[in-house]
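1. I'll drop the sequence and a predicted model, then ask my questions.
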Amino acid sequence: MNPRTRLSWGRYPQHPQTVHPVQWPSEVGGAVAAALAAAPGGTLAFGMGRSYGDSCMAESDHVVATAAFDRVISADWDTGTIVAQPGLTLGALIDMALPRGWFLPVTPGTKFVTLGGAVANDVHGKNHHVTGTFGRHVRRLSLLRTDEGIVECSPEANATLFEATIGGLGLTGIVLSVELQLRRVASAYVDQCAIRFGGLDEFFALSDELDARHEYAVAWVDCLATGRQAGRGHYIVGNHATDGRLQIAAPRPKSMPVDPPFSLVNGLTLKAFNALYYHRQQTTRVTSVVGYDPFFYPLDGLLHWNRMYGRGGFQQYQCVIPHANARDAIRAMLSEIARSGSGSFLAVLKRCGEIRSPGLLSFPLEGVSLALDFAQREAANATLFARLDALVDEAGGRLYPAKDAHMGAAHFQKAYPAWPRVEALRDRHLQSRFWQRVTQPVTTS
């Protein structure tokens, strides 16, 4: 691929984004103008490209690249408050903050995400039931709006614009700086307990038993298991250790060395991996002390892991189901996935709590989230996703825009009723392929 173009992490849909890089605030306006001049339609800020679908793709396919716009503006290490430019990655922030006794209040499953991207998608993690989303810990944002110039917003000032920007998919302005409140930690390690469980009912029982006593909780499930074993997996909970060194991890990640023309993830490899992974733990419960890197970011240990799905890419399907309907809906979804014979090595279940985000389009709601990847096979995915979408819709759930490449306008507008408020505040020179797709008029027959 041309070094001046980027794709999303899922590499589907295949709309290469031509980048217009910026390093300083004074360059942002010029990059926006250059992107708009290069092609018709709206532009968009583009960080590390870790969104899976088309929410990070501009309508014009010309984006303002912020990865080099990554400096720390100020940091108060007594209070754990940091102000930084949007291109700073969560990993780089950890490297600075952890030796001083601070850590991210919320982190997704990869540290290769920018601050701007974390805000735009209002990311969540394994501790949503305790601390909510990333946006709850953002204190202030500075935005460049093409028709107004620089605008400061916070829960107290320009509050409506702040709410539309948290989880607003980068549509309300180009983020120039983020003020974030970090959290205190005493160690770089996590006290972990891993429990092997035999089916979906056990997952819910473990969640009821353990979530209240642990800040972090997540489950891997075997997406191909059927019958009484459907939903079997490993439940992993943890708390920050209270003693130990505050040292940065020195990982030696491996890399997917080739870009195969076809997916290495297929029915045969999936079945073998899921069986081996489930049985890798011989005893029911194992407690250990682990570093923050393997606990929070296991997939970061294999760089370019998205190449496993071949050059055609993959789609992630992530939904959240309200708690009252979660057990039945997820059981039905896992049955459909197992019947299809497709899915991912790492299917993830986790409980989301009741803490509301300030963001108008924030994804989590009180319930259970299911996420897994599917190699891009147009006809097969369309058929399966239609069945899954119907189950999600019937259960009152919703899909995650940051991971989506197929959601229809009807589902989005029903699941995110505040979307017109974001549209009203959208910068008219910013437009994504996702937003264009899901805000189309919905017709009823």
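-> Now that the structure is in, tell me what you want to look at.
2. show me what counts as buried in the lowest-mean-pLDDT helix or strand in the chain.
-> Within the chain, no helix or strand scores below helix 267-279, which has a mean of 85 by mean pLDDT, DSSP states H and E. Residues of helix 267-279 classed as buried by neighbour count (16 or more other C-beta atoms under 10 Å): 270, 273-274, 278. To be clear about C-beta, it is placed using only N, CA and C from the backbone, and glycine gets the same treatment.
3. that one packs against which elements?
-> strand 233-240 (3 or more C-beta pairs under 8 Å, 6 or more residues apart in numbering; DSSP states H and E).
4. how about the strand it packs on as CSV, C-alpha atoms only?
-> The C-alpha coordinates for strand 233-240 follow below in CSV (Å, rounded to 0.1, in the frame of the first residue of the first chain):
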residue,chain,number,x,y,z
GLY,A,233,-14.5,-20.4,28.6
HIS,A,234,-12.2,-18.7,31.1
TYR,A,235,-13.3,-15.9,33.4
ILE,A,236,-10.4,-13.5,34.3
VAL,A,237,-10.7,-11.0,37.2
GLY,A,238,-8.1,-8.7,38.7
ASN,A,239,-7.2,-5.8,40.9
HIS,A,240,-4.1,-3.6,40.9
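5. what lines up beside it in the sheet?
-> strand 189-197 (antiparallel), strand 216-221 (antiparallel) (DSSP bridges).
6. now the shortest one: mean pLDDT?
-> The average pLDDT for strand 216-221 rounds to 97.
7. report the inter-axis angle for it versus helix 267-279.
-> 130 degrees (axes from the mean of the first three to the mean of the last three C-alpha atoms, to 10 degrees).
8. now do the strands in the stretch 301-445 of the chain.
-> 302-303, 314-322, 347-352, 367-375, 398-399 (DSSP state E, counting those that start in this stretch).
9. surely residue 113 meets residue 49?
-> No - shown here, residue 113 and residue 49 do not form a contact pair, counting by C-beta atoms under 8 Å, at 9.9 Å.
10. ok, the closest residue to residue 68 other than its chain neighbours - how many residues close by?
-> Nearest residue to residue 68, sequence neighbours excluded (C-beta to C-beta, 6 or more residues apart in numbering): residue 23, at 4.6 Å. If you count neighbours by other C-beta atoms under 10 Å, residue 23 ends up with 17.
11. same question for residue 398.
-> Residue 398: 23 neighbours (other C-beta under 10 Å).
12. with residue 157 instead?
-> Neighbour tally, residue 157, other C-beta under 10 Å: 11.
13. where does it fall, phi/psi-wise?
-> Per-residue torsions, residue 157: phi -120, psi 130 (degrees, to the nearest 10).
14. okay, it: pLDDT?
-> Residue 157 is given a pLDDT of 97.
15. against residue 140, how distant is it?
-> 8 Å (C-beta to C-beta, to the nearest Å).
16. which one of the strands paired with strand 233-240 lies closest to residue 106?
-> With distances scored as C-beta to C-beta, the stretch of those nearest to residue 106 is strand 216-221 (10.6 Å).
17. relative to strand 367-375, how tilted is the closest one?
-> Going by the same axes, to 10 degrees, strand 216-221 makes 50 degrees with strand 367-375.
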